[in-house]
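1. kindly return the folded structure for what I paste below:
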Amino acid sequence: MHRVNYCNRYHILSMLQLDDHTYTHLSARPEGADFYYIYPFGLRFEEVTVANLLTVNLDGTVIDGYEEQYNKTGYVIHGSIYQARSDINAIFHIHTPATVAVSAMKEGLLPISQWALHFYNRVSYHNYNSLALDQLQHGVDLIQDLQKNYVMFLRNHGVITSGRTIHEAMFYTYHLEQACKTQCLFHGNYQSLVLPSTAVCQQAVQDLLSFEQNLGFRDWQAWLKVLNKHDLQL
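-> Here you go, the predicted structure:
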């Protein structure tokens, strides 16, 4: 079921048009496992199936699948985070026009919508440093900047969203995209924005993230119903 859910989220992101041709990647691991699943480099999201998933050790060794299909940046990003954060079992790396735009803003993500308030004081930022190809350099820097958060903007690049479960990571990804699209509509005229008070922001993020016990699961079930209507083959 875990491998099926992994494929499902690729298809959900494709359906929501949050993919970027073949240039982004997602991963997931069973809780406590020393390996993770990632898709073969070169496929579009809608092409991912259980049969073509790669299984990769936390040291970057492909243990099931073809090594030449493995994206090295996948190991630097996903492998590094899994090694450092035992609480994380799913990682999304995406770059959409909205998330890239906000990543390049000095102010970062502003608390101007309820979508954005899911992330109040819970977002990290990582400065752009070309492609993530060097684990000793890029991997360590990623972990240091992520700290204890589950969401991090990669300046001028995109975002990393993660979670304790696949559906939690999907929850953050959806709300972050909506928050970024909303912020982009203001075209930089931030002086005229009405922002909630700090106290309201703090209360809102607490309420929004504790509103349901299994964060993101209700939404995940709703996405699966849509996929089932399309009868997608995994």
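2. grab the longest helix from this protein for me.
-> If you go by DSSP state H, the chain has its longest helix at helix 166-184.
3. export that helix to CSV, keeping only CA atoms.
-> The C-alpha coordinates for helix 166-184 follow below in CSV (Å, rounded to 0.1, in the frame of the first residue of the first chain):
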residue,chain,number,x,y,z
ILE,A,166,2.6,11.0,2.7
HIS,A,167,-0.8,12.7,3.3
GLU,A,168,0.8,15.2,5.7
ALA,A,169,3.4,16.2,3.1
MET,A,170,0.6,16.5,0.5
PHE,A,171,-1.4,18.7,2.9
TYR,A,172,1.5,21.1,3.2
THR,A,173,2.2,21.1,-0.5
TYR,A,174,-1.3,22.0,-1.5
HIS,A,175,-1.7,24.8,1.1
LEU,A,176,1.7,26.2,0.3
GLU,A,177,1.0,26.4,-3.4
GLN,A,178,-2.3,28.2,-2.7
ALA,A,179,-0.6,30.6,-0.3
CYS,A,180,2.1,31.4,-2.8
LYS,A,181,-0.3,32.0,-5.7
THR,A,182,-2.3,34.4,-3.5
GLN,A,183,0.8,36.3,-2.5
CYS,A,184,1.8,36.7,-6.1
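4. now do that helix: distance to the chain's middle.
-> 9 Å (CA atoms, centre = their mean, to the nearest Å).
5. what does stretch 140-156 give?
-> The chain centroid and the centroid of stretch 140-156 are separated by 12 Å under CA atoms, centre = their mean.
6. over to stretch 31-47?
-> 13 Å.
7. also stretch 63-71?
-> Distance of stretch 63-71 from its chain centroid, counting by CA atoms, centre = their mean, is 22 Å.
8. for that stretch, buried residues please.
-> By 16 or more other CB atoms under 10 Å, the buried positions in stretch 63-71 come out as 65, 70-71. Any C-beta I mention is one placed from the backbone N, CA and C, and that applies to glycine too.
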